[in-house]
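**Student:** sequence first, then the predicted structure:
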2 protein chains.
Amino acid sequence: MKESKEFVKSVTAMDEDFAQWYTDIVTKADLVDYSSVRGSMIIRPYGFALWENIKQALDQRIKETGHENVYMPLFIPESLLQKEKDHIEGFAPEVAWVTHGGSEELAERLVVRPTSEVLFCEHYKNIIHSYRDLPKLYNQWANVVRWEKTTRPFLRTLEFLWQEGHTAHATDEDAHEETKRMLEVYASVCEELLAIPVLRGQKTEKEKFAGAKFTYTIESLMHDGKALQTATSHHLGDGFAKAFGIQYLDKDGNLQYVHQTSWGFTTRVIGALIMVHGDDRGLVIPPKVAPTQVMIVPIAQHKEGVLDFAYDLKEKLSAVVRVGIDASDKKPGWKFNEYEMKGIPLRLEVGPKDIENNQVVLVRRDTGEKLFVSIDQIEDRIVALLDEIQKNLFNKAKASREEKTATAATFDEFKKNLSGNPGFIKAMWCGDRACEDQIKEETGATSRCIPFEQESVSEQCVCCGKEAKHMVYWAKSY
Amino acid sequence: MKESKEFVKSVTAMDEDFAQWYTDIVTKADLVDYSSVRGSMIIRPYGFALWENIKQALDQRIKETGHENVYMPLFIPESLLQKEKDHIEGFAPEVAWVTHGGSEELAERLVVRPTSEVLFCEHYKNIIHSYRDLPKLYNQWANVVRWEKTTRPFLRTLEFLWQEGHTAHATDEDAHEETKRMLEVYASVCEELLAIPVLRGQKTEKEKFAGAKFTYTIESLMHDGKALQTATSHHLGDGFAKAFGIQYLDKDGNLQYVHQTSWGFTTRVIGALIMVHGDDRGLVIPPKVAPTQVMIVPIAQHKEGVLDFAYDLKEKLSAVVRVGIDASDKKPGWKFNEYEMKGIPLRLEVGPKDIENNQVVLVRRDTGEKLFVSIDQIEDRIVALLDEIQKNLFNKAKASREEKTATAATFDEFKKNLSGNPGFIKAMWCGDRACEDQIKEETGATSRCIPFEQESVSEQCVCCGKEAKHMVYWAKSY
């Protein structure tokens, strides 16, 4: 029999070349493959199982907060996209255009949806008539396309998967509440499931969504000190409602415009998960979203009883955790390496001696710690360990972010901190676009958010020295 | 307070204008809405919840048979689509072309995927090297686009949702087994969940998938006697493998081509569900996939204790069924009508007298039967009734199909039966394309399938009189 080549996968060291490390991880952990479609990725079974876990958890929270799933068309007629001025200006440069159907040229070009506000608006105009029809709380899971020049798997691709929520409310306050509620849903998914600590805040006018009144955001910090916009929630005000004529009769019989929100969460978050938790041995996946939480590797599996024991254990554990077994004839060393690369939270080794001693060996992916655990306690110990790993990953990520967050009262301090220890810089801002532009030009950092939890670093704008309005988190970003 | 207008929805009678009846149902039962995107539909919350139930059940069966979900790009470069000759010929006339990205014209046009064989082939070439890599059993849930001229919600739309399975195997026999296995998975979803009886068989050469060795199909019969191709499973042979160079080293070290299959199941099935079970009062949804299985309508709900009682009942029933309650101030008659239109399997009425008598009233959507049920037995009775309704819908549909199925030994008999009692005609066929074409031209009926369960109606082809090769089910179709 010919053997498949067994080789030990390895990745570029993170601190040597972080971009290459990232590319190594996404391919060697079997998350994605490339195709001949420029800027698009194939999400492979392991990557997609991870996305399905995230999606399922988020979908449940979206439904628990009263939202219903729908499905809107992929294509948007050019004239429909043009109805809201700021929106088309923001999106026109980055859309894909369908111009032909079969062999015929279309009378009107179609855009492949970059986002679906205008489709929801058209529908809402159709189905909203009275205050009794409000609120409308809709969500869709879909693919969208943005014509990006430079792309990287998960982080920036021509096409990506996401959910987009679109809601209509009777009042501005109701829409505001919804904008906050959904940002908090996103934050909880990131912190509780993905173990990624996030900053909650508002985008500046420059960075807000095209057509929104304002945009809320959650921002996270990657291992290399760059920030990543992790999800956004937009208060659309009544701008779209006025452009599309979405009105309802209030209780007093007066016609009113609705107030809208939209919010989105994408496959990009997998990029964040990789860059927050990964290390030089590969991916590290938080237990709550790991497709496989425990991987059993039998040792000396040719010896009598080992495989039977291992399979019985798998059967038993499958009642409490997502467990896999690799009983292939590859060497244990190859297997250890493979499942570390894939970031599986716990490895369970079991061989003849362990069976004799009524124990197994558990190895934590996050710390490398090796534990001998009695078979009698195995289920409880594994559940407890997974919980501990989940918490540890969050705490490590939070400590790392804190270590990479500095304050700056002056522009010199800003520059010095940013280059010395890349990460977030907390600094005051006057609110002028000119200063935001200058900071970006001189340092490469952009305003990530005006956090809800404000602190006073100084009284003056870090750039122009005029009176400060807000404390802002600044960083270079993905 | 202003009241929303309460009106009783009604639909065109089925036997008067079946096409109009269908259009009435899809809009009045709130399944879909139209948009300004030609030929595309908006799937509304009720329609999408139904799709989610079907999707979840099918996804589970796809995973249980060893398949893994992946995600492939939406766009296909023109040159990639052209690699398999029959495939491009079949699909080129009905694809949407992307020619511009942002303001730039693309060097190579992109097709919006009508199906993804070529993308899977390119990926398989990349990841399959050895017999150890086989089989590859992948599936994806996605939207696809086909540039149809005439469209109808669910039945034929420019864009639709589906899953497409794509597998690669070491041998032709393995691929054949897979083709059969997945057809049977589809058949079981239709029969067990959707209560739609299906015929299992093979498509003729004329009707097979572009690029396939052969195509298996399940066919169902609508209320108006037209057939609907409900799902297909294709044995692709090694044609794609040769066009794309997908080879593996077998155990003896020889290079071999893989053998492939593909199979798809779409939102079209919702069209079948409507046209098989619906009636003049609206939709009828089989309990197993119904978003709401029981709708509680409180009677005289202003009277003390009624609403409390109804909500307690809902709470109690939600442990065993998907239950809703309509406690709005609309009239009970309006509510009865609304939930009949929506096809909810059981209506539960409860008013002051019922409470006094420790009972509720249950009304079956399928038969209209009214039952007085003691509160003490309510859970068991509802579960049993839903099961009975599920079975009754299947049996009714099967009886209707049998009633609309005739045999024909001669062409005259064929024509007479088809016009007298539209439905399936079982008739013999010589296997020649010319007869298939002639039958279509003279009667409008196409070959639906060569059923796996063959019967002998006569010895001669119903059209040319030459020796018959197969018994075929013929019908006009959607």
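**Tutor:** Cool, the structure landed. None of the values given here were measured: they were computed from a predicted structure.

**Student:** for the nearest residue to A:Ala170 once chain neighbours are set aside, the count of nearby residues, please.
**Tutor:** In space, A:Ala170 comes closest to A:Leu134 once its chain neighbours are excluded; the distance is 4.7 Å by CB to CB, 6 or more residues apart in numbering or on different chains. In short, each C-beta sits where N, CA and C put it, glycine included. Burial measure for A:Leu134: 21 neighbouring residues, criterion other CB atoms under 10 Å in any protein chain shown.

**Student:** and A:Leu134, what does it touch?
**Tutor:** Contacts of A:Leu134 were listed using CB atoms under 8 Å, 6 or more residues apart in numbering or on different chains, and they are A:Ile128, A:Ala168, A:His169, A:Ala170, A:Tyr248, A:Val258.

**Student:** I'd say A:Phe336 and A:Ile299 touch.
**Tutor:** No - contact status for A:Phe336 versus A:Ile299: not in contact, 10.5 Å apart, counting by CB atoms under 8 Å.

**Student:** how many other residues sit next to whatever residue of the stretch 301-450 of chain A ends up closest to chain B?
**Tutor:** Residue of the stretch 301-450 of chain A nearest chain B, by CB to the nearest CB: A:Ser328 (8.8 Å). Other residues near A:Ser328 come to 12 when the count uses other CB under 10 Å.

**Student:** so who does it touch?
**Tutor:** By CB under 8 Å, 6+ apart, the neighbours of A:Ser328 are A:Lys335.

**Student:** repeat that for A:Phe48.
**Tutor:** Contacts were defined as CB under 8 Å, 6+ apart; by that measure A:Phe48 touches B:Glu68, B:Asn69, B:Val70, B:Tyr71.

**Student:** show me which residues of the host helix or strand of it are buried.
**Tutor:** When secondary structure is defined using DSSP states H and E, the element that contains A:Phe48 is helix A:45-64. Taking 16 or more other CB atoms under 10 Å in any protein chain shown as the neighbour-count basis, helix A:45-64 is seen to contain the buried residues A:45-51, A:53-55, A:57-59, A:61-62.

**Student:** next structured bit after that helix?
**Tutor:** The helix or strand immediately downstream of helix A:45-64 is strand A:68-69, counting by DSSP H and E.

**Student:** packing partners of that next one?
**Tutor:** Here strand A:68-69 is seen to pack against helix A:45-64, strand A:136-145, helix B:45-64 when contacts are counted using 3 or more CB pairs under 8 Å, 6 or more residues apart in numbering or on different chains; DSSP states H and E.

**Student:** so A:Thr150 touches A:Leu158, yeah?
**Tutor:** No - look at A:Thr150 against A:Leu158 with CB under 8 Å: they stay out of range, at 10.7 Å.

**Student:** related to what we said a few turns ago, any chance of the contacts of A:Leu134 in TSV, plus secondary structure?
**Tutor:** Compiled in TSV, the contacts of A:Leu134 are given as follows (DSSP: H, G, I helix; E, B strand; the rest coil):
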residue	secondary structure
A:Ile128	coil
A:Ala168	strand
A:His169	strand
A:Ala170	coil
A:Tyr248	strand
A:Val258	coil
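
**Student:** state the distance from A:Ala151 to chain B.
**Tutor:** Just to correct that, residue A:151 is Thr rather than Ala. 12 Å (CB to the nearest CB, to the nearest Å).

**Student:** show me the contacts for that residue.
**Tutor:** Under the contact definition (CB under 8 Å, 6+ apart), the residues listed for A:Thr151 are A:Arg38, A:Gly39, A:Ser40, A:Thr157, A:Leu158.

**Student:** what sits against A:His223?
**Tutor:** The contact partners of A:His223, by CB under 8 Å, 6+ apart, come to A:Met14, A:Phe18, A:Met275, A:Val276, A:Gly278, A:Ser400.

**Student:** now, the most widely separated pair of those residues?
**Tutor:** Within the contacts of A:His223, two members stand farthest from each other by CB to CB: A:Phe18 and A:Ser400, at 13.9 Å.

**Student:** in space, what's closest to A:Met179 - neighbours in sequence excluded?
**Tutor:** Rather than Met, residue A:179 is Thr. Distances taken as CB to CB, 6+ apart put A:His235 closest to A:Thr179, at 4.4 Å, once the chain neighbours are dropped.

**Student:** for the one you found, helix, strand, or coil?
**Tutor:** Look at A:His235: counting by three-state DSSP, its state is strand.
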